[in-house]
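Q: my questions are about this predicted structure, shown below with the sequence.
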Amino acid sequence: MEHIRLPKVENVRLLDRVSPRRSRVGTLYLTATHSIFVESEAGGRSETWVLHTLVCSVDRQAASASGCPLLIHCKNFQILHFSIPREQDCQDVHLSLQRLSQPERYEELYCFSYKPNVDDEERRREWAFVDLQADFSRMGLPNAQWKLSPVNQHYKVSDTYPAELFVPDSAAAPVLVGSSKFRSRGRFPALSYYSKENHAAICRSSQPLSGFSARCLEDEQMLEAILRSNPRSDFMYVVDTRPKLNAIANRAAGKGYENEDNYSNIKFQFMGIENIHVMRNSQQKMLEVCELRSPSMSDFLEGLESSGWLKHIKAVLDTGVFIAKAVAEGISVLVHCSDGWDRTAQVCSVACVLLDPYYRTLKGLMVLIEKDWISFGHKFTQRCNHLAGDPKEVSPIVDQFLECVWQLMEQFPCAFEYNENLLITVHSHIYSCQFGNFIGNNQRERRELRVHEKTHSLWSYLWTNRAEFINPLYRQNHSQSQGLLRPSTAPYCFKFWRGLYNRFDRGMHPRQSVEDYLRLIREETQQLEEQLDSHKQKIAELEQEQEWSDAQKAAVFDQSSTARALGENLALANTPQDYTGGLLASTPGAADGPLILAPQDPDRTADPSLSNGSDPESGIADVSCRSPLSEDSARDPESDEAVYSAA
Amino acid sequence: MEFSDHIKTANVEDVVLRQPLHPPSRGTLCVTGHHLLFSDREEGSSRQVLLLLRNIDAIEKRTPGSSGTITIKCKDLRVLQLDIPGMEQCLNIAQSIETLSCLDNVSEMYPFFYRPNDLSLREQWGLSTPEKHYTQIKELHRKWRLSSVNKTYSVCPSYPPVVIVPKGIDDETLKKVAKFRQGGRFPVLCYYHRKNGMVIMRSSQPLTGANKKRCKEDELLLQVVIEDSDKGFIIDTRSGQQVQQARMTGGGFESKSCYSHWKRLHKQMERGKALQESLIKLVEACGDESHNVDRWLSKLENSKWLSHVQTALSAAGLLVECVERDGHSALVHGYEGTDCTLLICTLAQLIMDPSCRTLEGFLALLDREWLQAGHPFQQRCAHSAYSHARLQQESPIFLLLLDCVWQLWRQFPLALGFSETLLLRLANEVYASDYGTFLCNNDQERCALEVKDRTHCLFQALLRPPERDYYSNPLYEPNELAIWPSVHPQSLQLWRGFFLRWTQQARHLEAVQEEIRSMVIEWHRVTQR
């Protein structure tokens, strides 16, 4: 609390990013965990909650007559534009938020103060909900070829690896230790995925410390052991996800990549995924494009192209496809990048989604993230900027994984049990620090922080609320859903993910949701079929009692839920946009304003904003400011309608 | 007929057909006056591929050695390849295709020969005319009338014989107005907004010319339309600069001084050659097989197709704002008033008027606003994106309409009574069809060739029971409100179902629509029990 210089500011304006005339006036409160904006007029109906941990940057802009602007960018891509009447207040809020949004110690993170009403027993069940050992059992492990190794029990061999790892049965402890000494951060090759159908495996590691000529017998034996644990294949792939140039540059630092001559029967392959710095800059550029106030189509497409973002997404997916295909053909793969916790995590998990329908289920995705990201030590603290730290360590690596899954969902709409909303919610909570799952960089740190005793698990929260995350089009037995997904990676298959990056610009989204409609009719269909069954049963009983006519009266079905939902859809449809870009000042009564071009006036006719017409700002569309992370925020289903009638 | 003169080789055996999404197959190729027929003779299958020659946009032939290969690029964007044994046969076939696929004589085209058993030529033709439209809207009768001034097509060759005009304006006045408008396209009513009694009219540009000619009758006609209201809007689909230039060639605009109660809004829209080139570039981009995302995005941007979609939707949005939100009547025109004008009038009606959003309502809207209103289909759709022929009057403005409607459907998936499959079907039919609907350039030409008596009507065929079900949107929920589209670049998407139709991607999306349909059918079955 000591960081809050000013707990409350009145007469704050929350500006609509797309259309400034739709601003709201209210009071801004700063609490220990959230900023809360309460709109004055609407009788407390509209509240905007923003978690401090979700704030990415706070910027003050030059004061104007209408107040001092304060721009807040959030890690979930929400942008809040406040205008605060007094400069001093603005400065205080700015400084408070800057400190609050950059915790210096883990203990300051929201998950350590988030206390839902759950007892310890319940909390233990929460954390037991996702069980990695169960997933390995599902894969058929341990078996004759693969064993659970205790070598990293006390994080002595690799402090960023989990304690329990699957390794080839033939790899003795000295081989593991020897191999680990030859790999960055001791991250020796360990199993990520095993196909029980054909015995092919995906293993992951960091780069070898090969320099220009170094060799390591144990490392060579380790790869040999992986190859031999797949008896039907006489070679294996080693996939280095980096561009070749980067890998060569690493040799000068005593690191590098495997020399095909030193390892028997490996096929070595570079993949060309760029490093964290390139990815960070690329996303930044793309977000700038998303933020443009009223870009033309060309501005948008050019900006998207020059950001390079989709190119990088394609590189990750291409690599995932390469690995998945190899495994499907029965060939084992060892994957690494530099440290083996960024690109390696991405491509191993993408390959898993492609290979195994289980990871396309709700529970399966949780297990997958737990396995390849949390357990194998993706550095969430640095990459997601949970604690104030080096900005050069921040990178949207996990965003790219979620986006790859989304791109696949777009191609195979019936193959995934979960929906886009799940990916977006997971994304939010990776950054929000409301749950303990993504706190710390590896298992060792999480144990030290006693995350399981002090915080709660996102997975059980998602599972409890799973109705929101289920894709009504999911068909387990659909031809699309079976076995290996074979996506097209032609450039035109990669789309801009509006649902995530422009998530809070509601005016840009479809006004009616097919998914909601289908979910409703599916629920109703199920419900009615159940009712029907029970009625049939009742009728059968009653018929025996010869009271047939009474039963008929009871057989009236309730259709109201669907009717309600459709009513909401109607309201949603009625949200006009602004197509004029200022051509048509639609204030009633004032409509006689400067509406027309005087054709005699060459200066005005040459004005591009008047003549090219490509200036589509959304006038009335509402930007939702409700924090999805707060249970307290009021639902405001009528806001669109209210705004429309007010206009 | 003389078709046989163009067919030197009618049958070839042992031809290999390669087409997207199918394995190559071997069989017999047959050329007829209007079709290419391929019959598979692999064991256990009797697949046939029947292709209207009219659907062929371009062919490329290669004759290495003693055999030949013909690549056929269709107007529906499909690309087929035929491997034909024998160089001479290959050249003969290619020659026949080249000649027969672009016959100029309309009455030799296939619709005049298409005689399915289950259709009679005596059935009703078309869905809507201005007369019918007028009869349906009783509220119109107080201030508007039907005029037969054009019954011999002498006042305006591209208008239908009967049009809806203000009651206070007699036929003599109309004739004078027609002389003042390009192609005689004087302002006529196309839409009446029941909610507030406002209307949309359309016309061509006024012929004010360099010395600012005036026409009292034209000014009177427009004045009469807004007499109870303070003003009306003119939406000109050209830029302020373009309308000034138009005066130099005899065209022009309604100046403020002569039409004091009309406010002009300029919304420049691309048309003609520029639009055709845009389509060509986009289709080329979609066929690019290099795996380079940057190149794809750059080509997509460079084609400008999505910009045209954005402009068309925002022009329509502007028109709807004038009528629905501001409560004023509007007149729409550009140059001839046969292209962009029709595009935005159609879109505006879909946005505002729920009765246009049913399957039948939409087809009737197309009938009124495109066929009756004289969009020159024959000129605009002679060739599509692959043709090597020199461009003349081709322009995919109707395709742009379908794309815009698709965008509306994406944004309001429950609000339209028809499905994407209908839009795809129309996109095919407009370029090559068994039906006479899209033949000719206007009503006059269609009458002269007796199209309505000698061909079948596509719209009627689409409304027969099995087709009607197939083309309906299973999720449709009637909705009285305006459906305001978002025109943010982020909200508009490439119409994959059309432009990438022959890829696996599009197949997956079709499968999804099937799933949705079966879910809804199941729901109906249960709720109605």
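A: Received it, and whenever you're ready, just let me know what you need.
Q: buried ones in the host helix or strand of B:Arg425?
A: Following DSSP states H and E, one finds B:Arg425 within helix B:420-429. Using 16 or more other C-beta atoms under 10 Å in any protein chain shown as the test for burial, helix B:420-429 gives B:420-429. Using the backbone N, CA and C atoms, a C-beta is placed for each residue, glycine as well.
Q: contact partners for B:Ala312?
A: By C-beta atoms under 8 Å, 6 or more residues apart in numbering or on different chains, B:Ala312 lies in contact with B:269, B:340, B:343-344, B:347, B:400-401, B:404.
Q: state the three-state secondary structure for B:Val520.
A: helix (DSSP: H, G, I helix; E, B strand; the rest coil).
Q: can you list the weak-confidence ranges in the stretch 401-529 of chain B?
A: B:529 (pLDDT under 70).
Q: that one: helices as residue ranges?
A: Using DSSP state H, counting those that start in this stretch, the helices found in the stretch 401-529 of chain B span residues B:420-429, B:443-448, B:451-454, B:458-462, B:465-471, B:496-499, B:504-527.
Q: now do the stretch 201-350 of chain B
A: Under the criterion DSSP H, counting those that start in this stretch, the stretch 201-350 of chain B contains helices at B:216-225, B:240-248, B:272-286, B:293-303, B:305-320, B:340-352.
Q: would you turn those into a markdown table with mean pLDDT?
A: Listed next are the helices of the stretch 201-350 of chain B as a markdown table, based on pLDDT from 0 to 100:
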| stretch | mean pLDDT |
| --- | --- |
| helix B:216-225 | 93 |
| helix B:240-248 | 93 |
| helix B:272-286 | 94 |
| helix B:293-303 | 95 |
| helix B:305-320 | 96 |
| helix B:340-352 | 97 |
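Q: which one, of those helices, ends up nearest to B:Gly374?
A: helix B:340-352 (8.6 Å; C-beta to C-beta).
Q: so is the closest one next to chain A?
A: No: Helix B:340-352 is not in contact with chain A by C-beta under 8 Å from any C-beta of the partner chain; minimum separation 9.6 Å.
Q: got the angle for that helix vs helix B:272-286?
A: Counting by axes from the mean of the first three to the mean of the last three C-alpha atoms, to 10 degrees, helix B:340-352 lies at 60 degrees to helix B:272-286.
Q: same for helix B:340-352, what does it pack against?
A: strand B:188-193, strand B:198-202, helix B:305-320, strand B:329-333, helix B:359-366, helix B:397-411 (3 or more C-beta pairs under 8 Å, 6 or more residues apart in numbering or on different chains; DSSP states H and E).
Q: just the C-alphas of it, formatted as PDB.
A: Taking C-alpha atoms only, helix B:340-352 is exported to PDB below (Å, rounded to 0.1, in the frame of the first residue of the first chain):
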ATOM      1  CA  CYS B 340     -20.900   1.300 -58.100                       C
ATOM      2  CA  THR B 341     -24.300   3.000 -57.700                       C
ATOM      3  CA  LEU B 342     -26.100  -0.400 -57.800                       C
ATOM      4  CA  LEU B 343     -23.500  -1.900 -55.500                       C
ATOM      5  CA  ILE B 344     -24.000   0.500 -52.700                       C
ATOM      6  CA  CYS B 345     -27.800   0.700 -53.100                       C
ATOM      7  CA  THR B 346     -27.900  -3.000 -52.800                       C
ATOM      8  CA  LEU B 347     -25.700  -3.200 -49.700                       C
ATOM      9  CA  ALA B 348     -27.600  -0.300 -48.100                       C
ATOM     10  CA  GLN B 349     -30.800  -2.200 -48.500                       C
ATOM     11  CA  LEU B 350     -29.300  -5.400 -47.000                       C
ATOM     12  CA  ILE B 351     -28.100  -3.400 -44.000                       C
ATOM     13  CA  MET B 352     -31.400  -1.600 -43.400                       C
END
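Q: in that helix, which residues are buried?
A: Within helix B:340-352, judged by 16+ other C-beta under 10 Å, the buried ones are B:340-352.
Q: what does stretch A:427-442 give?
A: So stretch A:427-442, judged by 16+ other C-beta under 10 Å, has buried residues A:427-442.
Q: again with stretch A:310-317
A: For stretch A:310-317, using 16+ other C-beta under 10 Å, the buried residues are A:310-317.
Q: out of those, which one sits closest to A:Glu260?
A: Nearest to A:Glu260 out of the buried residues of stretch A:310-317 is A:Ala315 (C-beta to C-beta; 22.8 Å).
Q: from chain B, how far off is that closest one?
A: Distance, A:Ala315 to chain B, by C-beta to the nearest C-beta, to the nearest Å: 9 Å.
Q: quick one: residues contacting that residue.
A: Contact analysis of A:Ala315 by C-beta under 8 Å, 6+ apart lists A:271-274.
Q: out of everything not next to it in sequence, what's closest to the most centrally placed residue in chain A?
A: Geometric centre of chain A, nearest residue: A:His427, 2.9 Å, by C-alpha atoms, centre = their mean. Leaving aside its chain neighbours, A:His427 sits nearest to A:Leu402 (5.5 Å; criterion: C-beta to C-beta, 6 or more residues apart in numbering or on different chains).
Q: okay, which residue is most central for chain B?
A: Note: chain B centre (C-alpha atoms, centre = their mean) maps to B:Phe398, 2.7 Å.
Q: and the nearest residue to B:Asn150 once chain neighbours are set aside, how far is that from chain A?
A: Leaving aside its chain neighbours, B:Asn150 sits nearest to B:Tyr159 (5.0 Å; criterion: C-beta to C-beta, 6+ apart). Plainly put, B:Tyr159 is 28 Å away from chain A if you go by C-beta to the nearest C-beta.
Q: what is the neighbour count of B:Asp171?
A: When counting by other C-beta atoms under 10 Å in any protein chain shown, one arrives at 12 neighbours for B:Asp171.
Q: could you look up the SS state of the nearest residue to it once chain neighbours are set aside?
A: Excluding its sequence neighbours, the residue lying closest to B:Asp171 (C-beta to C-beta, 6+ apart) is B:Val149, at 4.1 Å. Assigned by three-state DSSP, the conformation of B:Val149 is coil.
Q: the nearest residue to B:Lys273 once chain neighbours are set aside and chain A: what is the separation?
A: In space, B:Lys273 comes closest to B:Leu391 once its chain neighbours are excluded; the distance is 5.8 Å by C-beta to C-beta, 6+ apart. Using C-beta to the nearest C-beta, B:Leu391 is found at 23 Å from chain A.
Q: surely B:Leu391 is within a helix?
A: No: secondary structure of B:Leu391 (three-state DSSP): coil, not part of a helix.
Q: who touches it in this structure?
A: B:273, B:276-277, B:383 are the contacts of B:Leu391 under C-beta under 8 Å, 6+ apart.
Q: who are the packing partners of the helix or strand hosting A:Trp463?
A: Assigned by DSSP H and E, A:Trp463 belongs to helix A:458-464. Helix A:458-464 is packed against helix A:120-128, helix A:362-368, helix A:420-432, with contacts defined by 3+ C-beta pairs under 8 Å, 6+ apart.
Q: residues from the stretch 351-500 of chain A in reach of chain B?
A: So far as C-beta under 8 Å from any C-beta goes, the stretch 351-500 of chain A lies against chain B at A:411-414, A:472-473, A:475, A:478-480, A:488-496, A:498.
Q: can you select the buried ones from the residues you listed in ChimeraX?
A: If you want just the buried ones from those in ChimeraX, going by 16+ other C-beta under 10 Å, the selection is:
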select /A:411,412,413,414,472,473,475,478,480,489,490,491,492,493,494,495,496,498
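Q: can I see the domain layout of chain B?
A: B:3-103, B:130-479+B:489-494 (the TED database).
Q: so for A:Pro168, which of those sits nearest?
A: Among these, the nearest to A:Pro168 by C-beta to C-beta is domain B:130-479+B:489-494 (35.2 Å).
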